[in-house]
Every structure is written in C-alpha cells, then in structure tokens.
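J.: here is my input, please return the structure:
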Amino acid sequence: MIKIEIDDDIRELILTEHFKDNEKSIKSVIEEVKGISIYKNLQDYFFDESGNIDDKKIRKLIIGNKSDLIEIIKAIGEIPLEKKKRFDKLYTNFTNRIWSKSLLEKLDVRICPYCNRQYTFTLANEGIRPQFDHFFPKSRFSYLSVSLYNLIPSCSICNSKKHDLNTYEYDFYYPYEDEFGNDVVFQTSPINNDFLYWTGASNSFDIGVICKDEKQKCKVKNINQYLKIELLYREHKDYVRNIIRNAVVYNDSRIDELLEQFPDLFHSKSDVINSIFMSNIDKVSWDKRPLSKLTHDIYEEFKLFSIK
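T.: Here you go, the predicted model:
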C-alpha cells in the first residue's frame, strides 16, 4: 500500500553491507548442494562451465531487484519443501547477526507498508523490531531467503496473513515499487441512505477501497483477499467519524485563520491540517504515521462539503 522509499546514499551503503554480510554464507550453501540431483536447476544457474560459482549471479541473488529475482525463479523454480532445510540456516543465521538489525534501522520503515495501520519501529538494543516478510515466500523459494529485495519489514498481522502466498503467480503489491497513491483510495458510502454521517453524526456508512486504475485492480483484489485490508479498515469507523467532523468544522477559512493566529506554531496549511488530524496528509509522509493514507483520502472526500 505504501512504498518503501530509500535515499540514494543510504541505498548504496545498504547494498554494499548486505552483500558483504551474506556472500560467504550463500556460496557455502550452494557449494554444499553441488552434485545433489534435486538441486540441478540451482547448480545449472550458479555454476559456470568450469564448475566455479558465477559471482555476478551471486550478486544478483543477494542484492538484485525484483526483476532479477523473477529471472532467478524462472531458472531454478521451487526447491522441494522437504529438501529446503539446507537453506533454512541462511535466514536464521542472518536474523541473528548484527547486520539484520542494522538493516532495519537503515531502512527506517516506521509503518507497515502493506497495511499502513501498525507501527514497525526498530529498537535493536531492546529486541524490538518488525518482522521480515518474504515477498516471494521462502517456503517455496528458500534460496531467496536473504535476498535484500525479497525482505519486506512488516507488521506481524500482514506477515502472518500473507505467509505462504505464491506471489510469483499472484499479482501482489510489492512495497519497494508499488503504492496505492491517488489511483486507489479509501472512500465512504452511506448505509440505508442515512446521510447524517456526512457531518460525522452517524455510523451508518461503509468504508471501501476504490481502484481508479485498471492496471492495479488485480493487486487491489489480492491485497483485500489475502491481507483483508478493506475489512480491517471498516473497523476504523470511529476514527473516520472524527476525520469527517474535523473536515466539516475546520474549513479552509478556519485553517487560514489558525495559520495567521499562530505563525510560530504553523508554517503552512499542511502543518495546521496535520495538527488537526494528528496525522500526515501529504503523500510524502504517509509512511510516518498509521492510517495516514486513510486520513488523507477521507479528508479529501469531505473537505469540499465543509461549512463555509
């Protein structure tokens, strides 16, 4: 739902450190399975004609982008579940090393990118951290278990609901590239034609996910089906009622008035709006507080109907 943004300087550092942390262990496991028939596709991919591991392909495995990972999956396929234990230790050892905690700190994903509902702070020294979801599930593609761009910091709910979903076959939101943006929005609709909710005075409304972009409809369908996004957001009616009331009360004139009255507190209309809604309305900051995307969309829906 919310894209994971990484500054270019930090990205280069992450790529360098992640490769350094995992190169030796990946090569070791690949060497271990050499000559074992069930790993033939893996061997054909990683070993050159001289029987040496192709360093470029190892690099692609560890820090390659989504397209690189799909290319590897096409070449290797699934590793049989009952035979994947040789690769289990890759991820277990990775999560026990200092770098896995440093990686989370550098990525600084503060809100679950799948749902935008849960904080995912990393306090490495206190043992507090988000879970890593494997976009392409490690239960099927265990050789991708420590691939950088297969690791999605997420909340426990989204990680557990997505779990073994084969995203190689299903079109699913990929947080390093995809986002809801303005083409997929949360929107309200009345129940039993009760329009009292337009003033925040009634719970007689539903909250739905509306997709305006045909290209994203399949992804929206799948994220609703497997992560229950729409159902979860319907549980936030009390929060949405507060947004509606504030949108009605704090019209543009009132916001301008507050901006003028408190120049030391507010430097822009966005500052005032963020303070009123205790959220981040601007798209660039949706990843800083839970429900920011919802807040933005409902505010945009109702601000046009505020009292003038």
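J.: separation between residue 217 and residue 184?
T.: As defined by Cβ to Cβ, to the nearest Å, residue 217 lies at a distance of 9 Å from residue 184. C-beta: built from backbone N, CA, C; applies to glycine.
J.: tally of neighbours for residue 106?
T.: Here the number of neighbours of residue 106 (other Cβ atoms under 10 Å) works out to 18.
J.: again but with residue 160, I slipped
T.: Residues near residue 160, counting by other Cβ under 10 Å: 12.
J.: which helix or which strand is home to it?
T.: Secondary structure here is read from DSSP states H and E; on that basis residue 160 sits in helix 156-162.
J.: mean confidence score for the very next helix or strand once past that helix?
T.: Stepping forward along the backbone from helix 156-162, the first helix or strand reached (DSSP H and E) is strand 184-190. Averaged over strand 184-190, pLDDT sits at 95.
J.: just checking: what are the partner strands of strand 184-190?
T.: Within its sheet, and counting by DSSP bridges, strand 184-190 is paired with strand 205-211 (antiparallel).
J.: okay, buried residues for the strand it pairs with please.
T.: Taking 16 or more other Cβ atoms under 10 Å as the neighbour-count basis, strand 205-211 is seen to contain the buried residues 205, 207, 209, 211.
J.: going on from that strand, what's the next piece of helix or strand?
T.: Next in sequence after strand 205-211, counting helices and strands by DSSP H and E, comes helix 217-227.
J.: the stretch 201-308 of the chain: helices as residue ranges?
T.: Taking DSSP state H, counting those that start in this stretch as the criterion, the stretch 201-308 of the chain carries its helices at 217-227, 229-233, 237-249, 252-261, 269-277, 292-302.
J.: now the first one, how far from the centre of its chain.
T.: What that stands for is helix 217-227. Shown here is helix 217-227, whose average C-alpha point lies 14 Å from the average C-alpha point of the whole chain (Cα atoms, centre = their mean, to the nearest Å).
J.: format the CA atom coordinates belonging to it as CSV.
T.: Output of helix 217-227 as CSV, limited to C-alpha atoms (Å, rounded to 0.1, in the frame of the first residue of the first chain):
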residue,chain,number,x,y,z
LYS,A,217,-7.3,-3.8,-9.9
CYS,A,218,-5.8,-7.3,-9.7
LYS,A,219,-3.4,-6.1,-7.0
VAL,A,220,-6.2,-4.4,-5.0
LYS,A,221,-8.3,-7.6,-5.3
ASN,A,222,-5.4,-9.7,-4.0
ILE,A,223,-4.4,-7.4,-1.1
ASN,A,224,-8.0,-7.3,0.0
GLN,A,225,-8.4,-11.1,-0.3
TYR,A,226,-5.2,-12.1,1.4
LEU,A,227,-4.5,-9.2,3.8
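J.: what's the angle from it to strand 184-190?
T.: Angle of helix 217-227 versus strand 184-190, following axes from the mean of the first three to the mean of the last three Cα atoms, to 10 degrees, is 70 degrees.
J.: contacting residues for residue 141?
T.: Listed by Cβ atoms under 8 Å, 6 or more residues apart in numbering, the contact partners of residue 141 are 73, 76, 78-79, 134, 168.
J.: now do the phi/psi pair for it.
T.: When read as degrees, to the nearest 10, the backbone of residue 141 gives phi -120, psi 70.
J.: circling back: packing partners for the helix holding residue 160?
T.: The helices and strands touching helix 156-162, judged by 3 or more Cβ pairs under 8 Å, 6 or more residues apart in numbering; DSSP states H and E, are strand 131-134, helix 217-227.
J.: just say which of the ones you listed is most tucked in.
T.: Per-stretch averages of neighbours, counted by mean count of other Cβ atoms under 10 Å, single out strand 131-134 among those, with a mean of 22.
J.: could you list the residues in contact with it?
T.: 95, 100, 114, 141, 144-145, 150-156, 158-159, 162.
J.: from those residues, which is closest to residue 293?
T.: Within the contacts of strand 131-134, proximity to residue 293 (Cβ to Cβ) peaks at residue 114, which comes in at 11.7 Å.
J.: just the contacts of residue 141 now: which is nearest residue 91?
T.: Compare each of the contacts of residue 141 with residue 91 using Cβ to Cβ and the shortest gap goes to residue 134, at 8.2 Å.
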